[in-house]
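1. fold the following and give me the result.
(4 chains)
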There are 2 protein chains.
Amino acid sequence: MFAHSMLRPISNDRCALHSCSVCRDASPELRAELERLGRLRICRRGETVVGEEEDTPFVGNVVSGVLRTQKTLHDGRQQIVELLLPGDMFGRVFAHTSRVSIEAASNVTLCCFGRAGFEAVMARFPELEHRMLLSIMEELNAAQDWILLLGCQTVTERIASFLLILRRRALRPCAAAATPGAFPIIRVPICRRDMAAYLGTTVESISRTIQEMARRGVLRIIDPQNFEILDERRLSLLSGRDATEKPFEHVATRRASIA
Amino acid sequence: MFAHSMLRPISNDRCALHSCSVCRDASPELRAELERLGRLRICRRGETVVGEEEDTPFVGNVVSGVLRTQKTLHDGRQQIVELLLPGDMFGRVFAHTSRVSIEAASNVTLCCFGRAGFEAVMARFPELEHRMLLSIMEELNAAQDWILLLGCQTVTERIASFLLILRRRALRPCAAAATPGAFPIIRVPICRRDMAAYLGTTVESISRTIQEMARRGVLRIIDPQNFEILDERRLSLLSGRDATEKPFEHVATRRASIA
DNA sequence: GAAGGCCCTTGCTCCAGATCAAAAGGCAGG
DNA sequence: CCTGCCTTTTGATCTGGAGCAAGGGCCTTC
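-> Reported below is the predicted structural model:
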């Protein structure tokens, strides 16, 4: 029987992340160091990489697939706090116990670094520590954006925002190479249940809202995980984040104003 | 007429934060450096320290009072993303434009550092950069905790959690000195409108919920900003975060289970 | 000391979205 | 191929909390 996850050293042509993760722009010495430390690991969908309140033996980045980091209340309610796509880092340096559980939302390939080893490299390469600082600041920006989304946007706005975020990610240089020419198609890499846990709503509401968007001609449902964007302008308006939308003068409320 | 905010150098006995902010445990040289760079600034309630999408000329920490960092949607809906209490840092190093607006939720005293100057000190003192990394990681933890709160907790749970967080902050060593012996009293340093914008709800819901808690004997309302905790155990249960609460086996839903 | 603004509270109404229920399709394992 | 499980969708119902309105108290400004 195989171990339920496999570890192996990174051979030069394995980790395709050199151009878009911690390794990007790293000096040759640092890159060599990281390559020596890194181990590829494959996890199947549903597998837990790090448990909540558990020790975090390693950090790393996602090579392919999607990780979810989530928190669970004692009565079982769950909230996905972050989705980690290829190129994103997972795990926290200097943090002995994880404040979230990290699970595979799809089959994933990870590039893992032992936490102690990684910290040692950080101590020797200030450029790495600096890069980590910037990376965590970016993560904080995203988290604060999510707070806005959960705190005062409707389910429709959340879903539209989510689709647009996925789209922007897919159009980023290093990801675009992976899905060439698929311009108006958005691929949602997670199931409805995970979408619900991420967006702070339920599978039923998501299903209804997306079907409604399709009826209104905003998008076409190719299959439950793939949509063709028919009217990006309108999707952007639905997201409530459109910059061209004129500010209203009336008193702000918690709910969206009637569109 | 006075400038609407005043700047002055920190004299040795002015900034009381040596023991609990960036300065804590700083080497004497670093501390001297920061003291030379720091300027005290006083802002009145409602004043904007840094506007959304504006340039951030400085970073710093809160000496007294409360700052709120908030985001605004184009139709005017607002969400407070963070409350910064004495000892907390505001502003982002290396970030040229702010992603939030930073405003005084009460009269505040700030200790400000020019951003460029602070970054220069960081470059010379790795211990400072490291401390910043840890500080931002802590901020990220708090933000992710807030995502859980907004994503799947009821208004009652949010309020109870908020009160308990304030309580824990007030009991922390360096803050406790400021309010000695005030054990069962929670002071809420912000108005209902800010509470609502922070907790993702409305002033009416907050008012009703707190009154209900008082009717049930969980707390006593001394005045709208001061509460005496009568039953901490029950408050903790209401927060939905009590560790002793037994996990249910039934299917988890988005709503709280009937208590 | 009068006026205007906030701030907080409370009653009433209404609705977005959660919950409950059920059915159909797909996939993995035996 | 059958069985069981999971995913997605759709319909029907219910409710937590938002919206609206109004009243009283306090503070600041003129």
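2. pretty sure residue A:42 is touching residue A:108, no?
-> Yes - the pair residue A:42 / residue A:108 is scored as a contact, 7.3 Å apart, by Cβ atoms under 8 Å. From N, CA and C alone the C-beta is placed, and that goes for glycine too.
3. more neighbours: which of these two?
-> residue A:108 (24 against 18; other Cβ atoms under 10 Å in any protein chain shown).
4. and the residue nearest to residue A:97 when sequence neighbours are not counted, how many neighbours does it have?
-> The shortest distance from residue A:97 to any residue other than its chain neighbours is 5.7 Å, reached at residue A:53 (Cβ to Cβ, 6 or more residues apart in numbering or on different chains). Burial measure for residue A:53: 10 neighbouring residues, criterion other Cβ under 10 Å.
5. what's the answer for residue A:165, then?
-> Neighbourhood size, residue A:165 [other Cβ under 10 Å]: 18.
6. and it, what element?
-> Residue A:165 belongs to helix A:155-171 when assigned by DSSP states H and E.
7. mind listing what's buried along that helix?
-> Neighbour counts over helix A:155-171 (16 or more other Cβ atoms under 10 Å in any protein chain shown) mark A:155-167, A:169-170 as buried.
8. what's in contact with that helix?
-> Contacts to helix A:155-171, defined as Cβ atoms under 8 Å, 6 or more residues apart in numbering or on different chains, come from residues A:85, A:149-150, A:153, A:175-176, A:179, A:182, A:186-189, A:195, A:198-201, A:205-206, A:209-210, A:212-213, A:219, A:227, A:229, A:235-236, A:238-241, A:256.
9. mind redoing it with 6 Å?
-> If you take Cβ atoms under 6 Å, 6 or more residues apart in numbering or on different chains as the criterion, helix A:155-171 is touched by A:149, A:186, A:199, A:201, A:205, A:209, A:235, A:238, A:239, A:240.
10. is it up against DNA strand D anywhere?
-> No - Helix A:155-171 lies out of reach of DNA strand D by Cβ under 7 Å from any atom of the strand, never closer than 11.1 Å.
11. on that earlier part again, nearest to chain B, of the buried residues of helix A:155-171?
-> Of all those, chain B sits closest to residue A:157, with 8.9 Å by Cβ to the nearest Cβ.
12. and residue A:74, how far from residue A:120?
-> 37 Å (Cβ to Cβ, to the nearest Å).
13. make that residue A:167, sorry
-> 39 Å.
14. ok, the residue nearest to residue A:76 when sequence neighbours are not counted - how many residues close by?
-> Closest residue in space to residue A:76, ignoring its immediate chain neighbours: residue B:252 at 3.2 Å, by Cβ to Cβ, 6+ apart. For residue B:252, the count of nearby residues is 16 (other Cβ under 10 Å).
15. with residue A:73 instead?
-> Count around residue A:73 with other Cβ under 10 Å applied: 20.
16. next one: residue A:57
-> When neighbours are counted by other Cβ under 10 Å, residue A:57 registers 11.
17. whether stretch A:99-117 contacts chain B - can you check?
-> Yes - residues of stretch A:99-117 are located near chain B by Cβ under 6 Å from any Cβ of the partner chain, namely residue A:99.
18. need the pLDDT of the residue nearest to residue A:97.
-> The model reports residue A:53 with a pLDDT of 92.
19. for chain A, which helix is longest?
-> When chain A is parsed with DSSP state H, its longest helix is helix A:126-152.
20. quick check: buried residues in that one?
-> Quick answer for helix A:126-152 (16+ other Cβ under 10 Å): A:128-133, A:136-137, A:139-152.
21. now residue A:57, nearest residue through space, not along the chain?
-> Of all residues not flanking residue A:57 in the chain, residue A:115 sits nearest, at 6.0 Å (Cβ to Cβ, 6+ apart).
22. residues contacting that neighbour?
-> By Cβ under 6 Å, 6+ apart, the residues touching residue A:115 are A:56, A:58, A:59.
23. which of these tops the neighbour count?
-> residue A:59 (23 neighbours).
24. quick check: that one vs chain B, distance?
-> Distance from residue A:59 to chain B, counting by Cβ to the nearest Cβ, to the nearest Å: 12 Å.
25. quick one: residues in contact with the helix or strand that residue falls within.
-> Per DSSP H and E, residue A:59 falls inside strand A:58-64. Outside of strand A:58-64, the residues within contact range by Cβ under 6 Å, 6+ apart are A:21, A:84, A:86, A:88-89, A:91, A:93, A:109-115, A:118.
26. could you dump it to PDB, C-alpha only?
-> This file holds the C-alpha atoms of strand A:58-64, laid out as PDB (Å, rounded to 0.1, in the frame of the first residue of the first chain):
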ATOM      1  CA  PHE A  58       6.200  22.700   6.700                       C
ATOM      2  CA  VAL A  59       5.300  25.500   4.500                       C
ATOM      3  CA  GLY A  60       5.200  25.500   0.800                       C
ATOM      4  CA  ASN A  61       3.400  26.500  -2.300                       C
ATOM      5  CA  VAL A  62       0.700  25.100  -4.500                       C
ATOM      6  CA  VAL A  63       2.000  23.700  -7.800                       C
ATOM      7  CA  SER A  64      -1.300  22.500  -9.200                       C
END
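27. tilt between it and helix A:126-152?
-> Counting by axes from the mean of the first three to the mean of the last three Cα atoms, to 10 degrees, strand A:58-64 lies at 70 degrees to helix A:126-152.
28. strand A:58-64 pairs with which strands, parallel or anti?
-> Within its sheet, strand A:58-64 is paired with strand A:89-90 (antiparallel), strand A:108-114 (antiparallel), according to DSSP bridges.
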